[in-house]
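> Test case, fold it:
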Amino acid sequence: MAEHSPILLWFRRDFRLGDHPALAAAAETGRPVIPVFIHDEVVETHGAAPKWRLGLAVERFAETLAGLGSRLVLRRGPARATLEQLVEETGATAIWWSRGYDPDAIARDSDVKAALKARGLDARSFPGHLLFEPWTVETKQGGYYRVYTPFWRAVKDRDLGPAPAPVRAVTAPAAWPASDRLADWRMGAGMNRGAAVVADHVCVGEDAALGRLGAFIAHHADGYRDRRDYPAEPATSKLSENLTYGEISPRTVWQAGLRAHHEGARGAEHFVKELVWREFAYHLVYHSPEITTRNWRAEWDAFPWSESEDDAVLRWKQGRTGVALVDAAMREMYVTGHMHNRCRMLVGSYLTKHMLTHWKIGQRCFEDCLIDWDPASNAMGWQWVAGSGPDAAPYFRIFNPDTQARKFDADGAYIRRFLAEATATPGPEARAFFDAIPRSWGLAPDMDPPTPVVPLDAGRKRALAAYQNRDLSARD
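Below you'll find the predicted structure:
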C-alpha cells in the first residue's frame, strides 16, 4: 500500500519547479503528491515585510501548481500536529521537505521528523536551500570555518553535479484535503499601508527570478565587481529576495555566474563569491547557532552597547539621524523593502558604533522591514558590521557615511532619490516614504532636515574609547 499512497510534500522556502530535489524525487515515484504549505510556529514569528512577501510567494506558487493540474493545500497551526492531521485525512505514508538550517527551523523539523518516524512514516528531508550541506565543509583540523576567505577557497572548485530537471507534471491524489484560504490569514496585516508602496518593487515567482538572473548576467555581471558599491546604479542582481523564498535555487545562480566567468565577464567570479557569502552565513549559523541571539565573539560581551529603544533609535529607524546617506538607506528600505548592501553596512555601523546601540536592535528592525530577510544572513551581517562576529580584520572598523557618500554617491543621486530633504523637488520614491511609514510618526515631506543624532567625529572618538575600554575589561 505504501507504494501507492500519497506523499505529503511540505513547502517552506522552496517555491519553484526547477532544481528542486524533494519535488523531483516525489514526482519520479509516480505516487500521488499533495503539496502543502503550513502557516506554522516559525512563520508566526516572522516580521511584517517577510511575512507579507512570503504570502506573495505562496500565492504565486499555488498558481504555478494549478497550471500543472495540482494544488497547494494551505493549513495553519503547529507543524507537527498539522502534518499528523493531514496524514490521517489523506492516508499519506511519506512526508518530505527541503531542509532548513537556522535554529528555529532545525528545532521544528527535528520535532516533526521524530514524531512522524515514531508512527512508522517515511519522514525525509532533502537538500536544495544551500549549495553545500554545512557538515560537508570542514577545515583540515576537522572543525568548521570561522573566516570567509578560507571557506571560499575550500568550496570554489567543488562540483555540484547536475540539477534535477524542472518538474512538469505530478500525479494528483484521488481526493484533495480541504485547504484554508490564503486571504483569511492576512499575512500582510503588519505592513498596513506600506504594502501598497513596497508592492511596486517586488519580483515574485520563479519565472521572474530567472528573468532577473538572466538580465543581470547579460547586462551587469561584467561590471559587478567595480560598480556593486554604487547604490544609485542597477549594478547588483537583487536575487537575495528570490533566494530567500526559494524561487530560484542557489545552484542555478552559481552555475550561471560561473558560466559568465568562464565566458569572460570580469565581475562574475566576485558575484559568485557573494553567493558563497550567503553560504558562509548558514555554515556559521548551523555550527554556532548562538550567532542569532548573542555575541559570536564572547569578548564583545564587555562592550557598552545600549539596548534602550530611545528617541535616538527611533530617529535611526525613521531615517532621521541627520546623516544623509544613512537616512536615504533607511528610507529605501521602507519604500522598496530592500536596501543596498553597501548601505546596510553603513546604517549598521552608525547604529552600533556612532550611536553605541546594540546590534540586536538593528537585527530586529531589518527582520521586520526587509522583503529579503534571511535569518542567517541578517544575523551574520549585523554581527560582522558590529565587530562581534566573524571578521578577519585586526582593527575596529568604523565607516564614515559622509566619506562613503563622496566615494560611492558623489553626485548625490541615491540620496536625492530617497531623501526628500535633499532636494527642493522630491521625486516619487522620496515622497513614497511618507506613504509607507506609520502615520503615528507624524513625518511630512516639507519637514526641516534634522541635526545629527551623533556627529560623526564625536561618535567615532566615543566608539574607539569604548572599544579600548572593552579590551581592558576583557583582560581584567
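
> list the contacts for residue 389?
With contact taken as CB atoms under 8 Å, 6 or more residues apart in numbering, residue 389 is in contact with 291, 295-297, 380, 382-383. All C-beta atoms are positioned from the backbone trio N, CA, C, and that covers glycine.

> Work out for me the element the closest residue to residue 435 other than its chain neighbours sits within.
Counting by CB to CB, 6 or more residues apart in numbering, the nearest residue to residue 435 once its immediate chain neighbours are dropped is residue 197, at 5.4 Å. Using DSSP states H and E, the secondary-structure element containing residue 197 is helix 194-198.

> name the helices or strands packed onto that helix?
With contacts defined as 3 or more CB pairs under 8 Å, 6 or more residues apart in numbering; DSSP states H and E, the packing partners of helix 194-198 are helix 48-66, helix 324-336, helix 428-436.

> picking up where we left off before, these two touch, right, the residue nearest to residue 435 and residue 436?
Yes - assessed by CB atoms under 8 Å, residue 197 is found in contact with residue 436 at 4.0 Å.

> who touches both of these two?
With CB under 8 Å, 6+ apart applied, the overlap between the contact sets of residue 197 and residue 436 consists of 334-335.

> where does this structure dip in pLDDT?
By pLDDT under 70, the low-scoring segments of the chain are 1-2, 392-395, 471-476.

> So what touches the longest strand along it?
Residue-count comparison of every strand in the chain, with assignments taken from DSSP state E, identifies strand 33-39 as the longest. Outside strand 33-39, the residues that touch it by CB under 8 Å, 6+ apart are 6-12, 23, 26-27, 58, 61, 65, 70-77, 79, 82-83, 86, 90, 92, 170-173, 176-177, 180, 185, 187.

> If we use 7 Å, what do you get?
For strand 33-39, contacts defined as CB atoms under 7 Å, 6 or more residues apart in numbering pick out 6-11, 26-27, 58, 65, 70-76, 79, 82, 86, 90, 92, 170-171, 173, 177, 185.

> Which of the residues you listed fall in helices?
26-27, 58, 65, 79, 82, 86, 90, 185 (DSSP state H).

> Out of the residues you listed, who's the most crowded?
Comparing the ones in helices among the contacts of strand 33-39 on neighbour count, residue 26 comes out first with 26 neighbours (neighbours: other CB atoms under 10 Å).

> so how far is residue 464 from the nearest residue to residue 290 once chain neighbours are set aside?
Leaving aside its sequence neighbours, residue 290 sits nearest to residue 296 (CB to CB, 6+ apart; 7.1 Å). Between residue 296 and residue 464 the distance is 21 Å, computed by CB to CB, to the nearest Å.

> same thing with residue 79?
Distance, residue 79 to residue 464, using CB to CB: 47 Å.

> Residue 287 and residue 55, how far apart?
Between residue 287 and residue 55 the computed distance is 32 Å (CB to CB).

> Quick test: name the residue nearest the centre of this structure.
Against the mean C-alpha coordinate of the chain, by CA atoms, centre = their mean, the closest residue is residue 374 at 2.6 Å.

> Neighbours of the closest residue in space to that residue that isn't next to it in sequence, how many?
In space, residue 374 comes closest to residue 244 once its chain neighbours are excluded; the distance is 5.1 Å by CB to CB, 6+ apart. Counted with other CB under 10 Å, the neighbours of residue 244 add up to 22.

> just residue 77 next, same as before
Neighbour count of residue 77, defined by other CB under 10 Å: 15.

> so what's it up against?
Taking CB under 7 Å, 6+ apart, one finds residue 40 in contact with residue 77.

> Please apply the same query to the one 5 residues further on.
In this structure, residue 82 makes contact with 38, 40, 75, judged by CB under 7 Å, 6+ apart.

> Then residue 102?
Here residue 102 is in contact with 285, 292, 375-376 (criterion: CB under 7 Å, 6+ apart).

> Make a ChimeraX selection of whichever of the residues you listed turn out to be buried.
Under the burial definition 16 or more other CB atoms under 10 Å, those of the contacts of residue 102 that qualify are selected in ChimeraX by:
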select :285,292,375,376
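
> Show me which pair in the contacts of residue 102 is furthest apart.
Pairwise distances across the contacts of residue 102 (CB to CB) peak at 7.9 Å, for the pair 292 and 376.

> in stretch 241-261, what counts as buried?
For stretch 241-261, the buried set under the neighbour-count rule, 16+ other CB under 10 Å, comprises 241-258, 260-261.

> Any idea how far that stretch is from the middle of the chain?
When C-alpha coordinates are averaged (CA atoms, centre = their mean, to the nearest Å), stretch 241-261 and its chain have centres 14 Å apart.

> Other residues contacting that stretch?
Under the contact criterion CB under 7 Å, 6+ apart, stretch 241-261 has outside partners 13-16, 18-19, 54, 57, 128-131, 160, 163, 203, 205-206, 209-210, 212-213, 217, 221, 239, 268-269, 271-272, 275, 278, 338, 371-374.

> show me where the stretch 301-450 of the chain has helices.
Secondary structure of the stretch 301-450 of the chain (DSSP state H, counting those that start in this stretch): helices at 311-317, 324-336, 341-349, 359-369, 375-386, 401-408, 413-418, 428-436.

> what's residue 101 in contact with, if anything?
130, 134, 282, 285-286 are the contacts of residue 101 under CB under 7 Å, 6+ apart.

> again, only this time at 10 Å
Under the criterion of CB atoms under 10 Å, 6 or more residues apart in numbering, the contact list for residue 101 reads 109, 129-130, 133-134, 281-283, 285-287, 289, 375-376.

> show me the contacts for the spatially closest residue to residue 138 that is not a sequence neighbour.
Take residue 138 and drop its neighbours on the chain: the residue closest to it by CB to CB, 6+ apart is residue 144, 6.8 Å away. Contacts here follow CB under 10 Å, 6+ apart; on that basis residue 144 touches 134-135, 137-138, 151, 283-284, 286-288.

> would TSV of those with distance to residue 333 be doable?
Supplementary listing: the contacts of residue 144 in TSV, determined by distance: CB to CB, whole Å:
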residue	distance to residue 333
134	29
135	34
137	32
138	37
151	28
283	27
284	24
286	27
287	30
288	28
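
> Of those residues, which is the nearest to residue 344?
Residue 344 lies nearest to residue 284 out of those, by CB to CB, at 17.5 Å.
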